[in-house]
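**Q** okay, predicted coordinates and the sequence, questions at the end:
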Amino acid sequence: MTARIVSLAEAVAELVHDGDTVALEGFTHLIPVAAGHEIIRQRRRGLTLVRMTPDIVYDQLIGAGCAAKLIFSWAGNPGVGSLHRFRDAVQHAWPVPLEIEEHSHAGMANRYVAGASGLPFAVMRGYSGTDLPAHTATVAPIQCPFTGEMLTAVPALNPDVGIVHAQRADRRGNVQFWGITGVHKEVVLASARSLVTVEEIVDELTPMPGAVVLPGWAVTRVALVPGGAHPSYAMGFSERDNDHYQAWDAISRDRDTFGQWLTEVLG
Amino acid sequence: MTARIVSLAEAVAELVHDGDTVALEGFTHLIPVAAGHEIIRQRRRGLTLVRMTPDIVYDQLIGAGCAAKLIFSWAGNPGVGSLHRFRDAVQHAWPVPLEIEEHSHAGMANRYVAGASGLPFAVMRGYSGTDLPAHTATVAPIQCPFTGEMLTAVPALNPDVGIVHAQRADRRGNVQFWGITGVHKEVVLASARSLVTVEEIVDELTPMPGAVVLPGWAVTRVALVPGGAHPSYAMGFSERDNDHYQAWDAISRDRDTFGQWLTEVLG
Amino acid sequence: MSWTADEMMTVAAARALRGDTRCFVGIGLPSTAANLARRTHAPDLVLVYESGTIGAKPDRLPLSIGDGVLAETADAVVSVPEMFNYWLQPGRIGVGFLGAAQLDRYANINTTVIGTDYDDPRVRLPGAGGAPEIAASCGEVIVVVRQSTRTFVDRVDFVTSVGHGKGPGDRERLGLRGRGPVLVITDLGVLEPDPGDCELTLTRLHPGVTAEQAVAATGWPLRIAPGVTTTEPPSDDELTALRSLTGAEEPA
Amino acid sequence: MSWTADEMMTVAAARALRGDTRCFVGIGLPSTAANLARRTHAPDLVLVYESGTIGAKPDRLPLSIGDGVLAETADAVVSVPEMFNYWLQPGRIGVGFLGAAQLDRYANINTTVIGTDYDDPRVRLPGAGGAPEIAASCGEVIVVVRQSTRTFVDRVDFVTSVGHGKGPGDRERLGLRGRGPVLVITDLGVLEPDPGDCELTLTRLHPGVTAEQAVAATGWPLRIAPGVTTTEPPSDDELTALRSLTGAEEPA
């Protein structure tokens, strides 16, 4: 059972392949940033990146040229401003062209729910009257068979790999996380393979208020990566590094300063 | 705000009217049995009763003649056997005829989810090849607009009144429950009006592992009813009274012994 | 040690659970068998109850699927909608255990009504519960049921849960993604669907039971597999573990 | 005490939140305004953030909608799918606060792209986030945005979130169940949809601002309500509370 627990480098090498659809999730909290950097270091290419809120970890992956496509609902540096590498890719195809598939948060959340539920689509109220459906093939009208009412369908998201950060795992690979849990459970269950990076590995998971537990058999690999969410945070272990988010604005604004950052990450 | 907290008799008098659709939920755990007895005492008639697992509390309501219709997925005395008052109503229309609308657990759960979500229906994999759809108007085929795959739709359940038992509430009517949470959240959110009976009312809710909190503004009325789930149980407060479930078999088997039980409840 | 036919049935069912399978457990015999397996040869067996408890490790047999001991000992407790939508429906559960009031030669199951008029039934049974979707979505299904002509019928009065429908290819046509019933374990022996036409065939007899007895307890002309074998009798260890679970004494 | 135009805007937005309303709060100005309201006249205001925190009571302004202080102080923390499906979609949230990169006379909002070619945008903005469904499903919507001809445009380049569509009846036709934008609060004044034809009309000017300034900052011929009033200036209490939240000093 403990074969489930490997190093981050091994996990990324094993699970993430060129051309894969990869979702790194975490709604502000518990973002698997270290796993994103490892994907950059292993120089993956042609990825379809999926994420509700592509924040700076996706700005980095996009700037590093790992992504061919982005499926998302809000691409910004939360509380700071724009994602400059994302904008440069969309507006100027730098360093490579970036195809986009754009949804609302409600749409993305429901796409993950459908994926986790083994359904091909989800039904919601949304998109009606907006210009999104005209630019997104993955939105369709659907009629209620009982009332005749028209609603909106969105197709399931089933990434090849889903990656999240969590507070801890036990030695059997059972994973526990608490605080803002976002779409953590859904992305792990919707993905063909999954990786959870954790702050600590313990003998036994102590029950915690608000905690979600994913049984080890529902997770492909666990890697011990203390601080692996930085500059995002892990409630109970760290605080969100808001200064770092603000500093990213200057680093990412310019291709050269970003290039220096990238050189350092690639080591 | 504290006007939300009333006596059980007041709550039932205010919320439950003849002819209403009423759901008393609790998946084995936290069943609002005392509220059911209060409905019997207040002699409500013509109710459409909704419940995934009509166990002895619904056997009692049906035997007392409160129900005109039952919407359900499994009507038995869990771990014991049949519900004799339910069978007598279906097989012999005693004491009054009982219309039934029958689903599977997955169907009922999804109907509550749709109701809680403000959607007219839910999509699932289910019922395919069974004889249920031929006898239930509330099952329909639906096609995925993206893959063409055929799935099953079930309409939302939105009871007039949803009633559950919970461990505790605070003085503002915020409700907290833990252990097996069943469809508690869904039935409260799906219903036009809701009542939660609780073991205790406290100044402040202490966070608990596995606990769900429903904000007071999402609950219509709270009533303090210690032991209000008996012979079901409230984790942390009581154990399931398995002997009582077994004793019910003999009481309910015969119309006369049931009549004696009913006389005692009516007082 | 001597043993009863029900004990043999439970032990045979427990043995059918292997390794670290996830098993969707109903109450009664399936729960006894699954807990016995966990106590004997399959300590890593993951018990999943429809009440929302995943990985429950009860130290005594629960009377209901929602007893407190299940939630207290579970790895995770989820809501009932989540159990059906996130865990059962996508096929995450390897084995589903089902009982039956009636069962036909294709292992279709009735737990709804006895009598052919649904609106005026001879006997009203509890109904579907989780069974239709367990039968549809688990990797495979094991049916545990006492064998008699009342139960093993030529045609079920109501299809509550689909076994193999009317034969080969029916499950695929209906969009059912699990393999369906692979074993029917009774107090007399074990039946398995024929690999060719899916008809239930007697492949094993419990010790002391004859093929004639099994045929006599079946409401259709029961096929006997050419190489029908005899079930290994319950070991002393199995019986001891079973009786410590159920609190039963050795039969007189 | 003196104050800035942004402070006036925030105070005006805070005042628009009444009693024990539930308010769906985005980050930035809406969060500042909602927290200010909770500290002043509306202590029972329930703050709901799309990160899943219901009833958050932050003691400092969060930088993001997912800061730890929101989860630590919330009455309940739910998953993001639950937030959108169980809480926002059914209309349980009274007021939604939205910003805008572009806004038209019917309060339709663009936060997606500047430039009319979506595939080759002049400026790529963050996109929709929770806004389309907030605009659709909250009981009513308040837009808070600085007023300029760059933002207040004759026609938005992209409809990210529907205000009043192309005029009366459009929301009903589209199946949007909330009432839509009822107030647009800017650094210059307040606009409200005309009860007849839904066109945004200037109904209030902040102290020291002229109608001409508001007209000049609007990219369509701005209607002025006949009885246009002047906003009550921020009180010392309001400014003190606001600055203790933002850490700002009194402007020089």
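**A** Sure, I can see it. In this text, all values refer to a predicted model and were calculated from it rather than measured experimentally. Numbers count the residues shown, from 1 in each chain, chains lettered A, B, ... in the order given.
**Q** point out where chain A drops to low pLDDT.
**A** Within chain A, the stretches with pLDDT under 70 are A:1-3.
**Q** ok, 90 please
**A** Low-confidence segments of chain A (pLDDT under 90): A:1-3, A:78-80, A:265-267.
**Q** what about the closest residue to chain D within it, how many neighbours?
**A** At 2.3 Å from chain D, A:T28 is the closest residue in chain A, using Cβ to the nearest Cβ. All C-beta spots, glycine's among them, are computed from the backbone N, C-alpha and C. By the measure other Cβ atoms under 10 Å in any protein chain shown, the count of residues near A:T28 is 28.
**Q** mind checking the SS state of it?
**A** coil (DSSP: H, G, I helix; E, B strand; the rest coil).
**Q** who are the contact partners of the nearest residue to it once chain neighbours are set aside?
**A** Nearest non-adjacent residue to A:T28, counting by Cβ to Cβ, 6 or more residues apart in numbering or on different chains: D:G66, 2.3 Å away. Listed by Cβ atoms under 8 Å, 6 or more residues apart in numbering or on different chains, the contact partners of D:G66 are A:27-29, A:78, A:180, A:182, A:240, D:49, D:51.
**Q** interface residues of the stretch 51-200 of chain A facing chain C?
**A** The stretch 51-200 of chain A has residues A:116-119, A:174, A:185-186, A:189 near chain C, with proximity defined as Cβ under 8 Å from any Cβ of the partner chain.
**Q** just flag the most distant two among these.
**A** The distance between the two most remote of these (Cβ to Cβ) is 26.0 Å, for A:L119 and A:N174.
**Q** circling back to that earlier point, residue contacts, the residue of chain A closest to chain D?
**A** Taking Cβ under 8 Å, 6+ apart, one finds A:53, A:55, A:78, A:180, A:182, A:232, A:240, D:51, D:64-67 in contact with A:T28.
**Q** name the nearest of the contacts of D:G66 relative to chain B.
**A** D:Y49 (13.8 Å).
**Q** and the closest one, what are its bridge partners?
**A** D:V25 (DSSP bridges).
**Q** that one - how many residues pack around it?
**A** Using other Cβ under 10 Å, the number of residues around D:Y49 comes to 29.
**Q** where along the stretch 151-252 of chain C do the strands fall?
**A** C:181-185, C:189-193, C:200-205, C:223-230 (DSSP state E, counting those that start in this stretch).
**Q** among the ones you listed, which is nearest chain A?
**A** Closest of those to chain A is strand C:181-185, at 20.6 Å (criterion: Cβ to the nearest Cβ).
**Q** distance check, the residue lying closest to A:V225 once chain neighbours are set aside against A:T53.
**A** When the adjacent residues along the chain are set aside, A:V225 lies closest to A:T197, with 4.0 Å between them (Cβ to Cβ, 6+ apart). Distance of A:T197 to A:T53, computed by Cβ to Cβ, to the nearest Å: 18 Å.
**Q** count of neighbours near the nearest residue to C:G55 once chain neighbours are set aside?
**A** Spatial nearest neighbour of C:G55, excluding adjacent residues (Cβ to Cβ, 6+ apart): C:D75 at 3.3 Å. Here the count is done by other Cβ under 10 Å, and C:D75 has 21 residues near it.
**Q** for C:D75, which residues are in contact?
**A** C:D75 makes contact with A:174, A:213, A:215, C:46, C:54-55, according to Cβ under 8 Å, 6+ apart.
**Q** nearest to chain B among those residues?
**A** Closest approach to chain B among the contacts of C:D75 (Cβ to the nearest Cβ): A:V213, at 9.4 Å.
**Q** did I read that right, the closest one in a strand?
**A** Yes. Under three-state DSSP, A:V213 sits within a strand.
**Q** what's the helix or strand for A:E264?
**A** Under the criterion of DSSP states H and E, A:E264 resides in helix A:255-266.
**Q** buried residues in that helix?
**A** Buried residues in helix A:255-266, counting neighbours by 16 or more other Cβ atoms under 10 Å in any protein chain shown, are found at A:258, A:261-262.
**Q** so which other helices or strands are in contact with it?
**A** helix A:33-41, helix A:56-63, helix A:84-92, helix A:242-253 (3 or more Cβ pairs under 8 Å, 6 or more residues apart in numbering or on different chains; DSSP states H and E).
**Q** how about residues contacting that helix?
**A** Contact with helix A:255-266 is made by A:37, A:40-41, A:60, A:63-64, A:84-85, A:88, A:94, A:250-252, as judged by Cβ under 8 Å, 6+ apart.
**Q** what residues does A:V202 make contact with?
**A** A:168-171.
**Q** can you check A:A109 too?
**A** A:52, A:183, A:186, D:80-81, D:83-85.
**Q** what residue in the stretch 151-252 of chain C comes nearest to chain A?
**A** Nearest residue of the stretch 151-252 of chain C to chain A, counting by Cβ to the nearest Cβ: C:R177, 8.1 Å away.
**Q** make sure that residue is actually in contact with C:Q89.
**A** No. The criterion here is Cβ atoms under 8 Å, and C:R177 misses it with C:Q89 at 9.2 Å.
**Q** just want to know which of the two has more residues nearby.
**A** Shown here are C:R177 and C:Q89; by other Cβ under 10 Å, C:Q89 has more neighbours (23 against 17).
**Q** ranges for the helices of the stretch 1-150 of chain A?
**A** Under the criterion DSSP state H, counting those that start in this stretch, the stretch 1-150 of chain A contains helices at A:8-15, A:33-41, A:56-63, A:84-92, A:105-116, A:132-135.
**Q** can you redo those helices as JSON lines with distance to B:A134?
**A** Output for those, formatted as JSON lines (distance: least, Cβ to Cβ, whole Å):
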{"stretch": "helix A:8-15", "distance to B:A134": "46"}
{"stretch": "helix A:33-41", "distance to B:A134": "51"}
{"stretch": "helix A:56-63", "distance to B:A134": "50"}
{"stretch": "helix A:84-92", "distance to B:A134": "53"}
{"stretch": "helix A:105-116", "distance to B:A134": "28"}
{"stretch": "helix A:132-135", "distance to B:A134": "37"}
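**Q** closest residue of the stretch 51-200 of chain C to chain A?
**A** C:P90 (3.0 Å).
**Q** can you give me the strands for the stretch 101-250 of chain A?
**A** Using DSSP E, counting those that start in this stretch, strands in the stretch 101-250 of chain A cover A:121-124, A:140-143, A:150-155, A:161-170, A:175-177, A:193-202, A:212-214, A:221-224.
**Q** next up, the contacts around the closest residue to A:V33 other than its chain neighbours.
**A** The shortest distance from A:V33 to any residue other than its chain neighbours is 4.7 Å, reached at A:V57 (Cβ to Cβ, 6+ apart). Shown in contact with A:V57 (Cβ under 8 Å, 6+ apart): A:24, A:31-33, A:36-37, A:232.
**Q** pick out the residue nearest the middle of the chain.
**A** Since no chain was named, I'll use chain A. Residue closest to the average C-alpha location in chain A (Cα atoms, centre = their mean): A:L24, at 2.2 Å.
**Q** the intended chain is chain C.
**A** With distances taken as Cα atoms, centre = their mean, C:V143 lies nearest the centre of chain C, 2.9 Å away.
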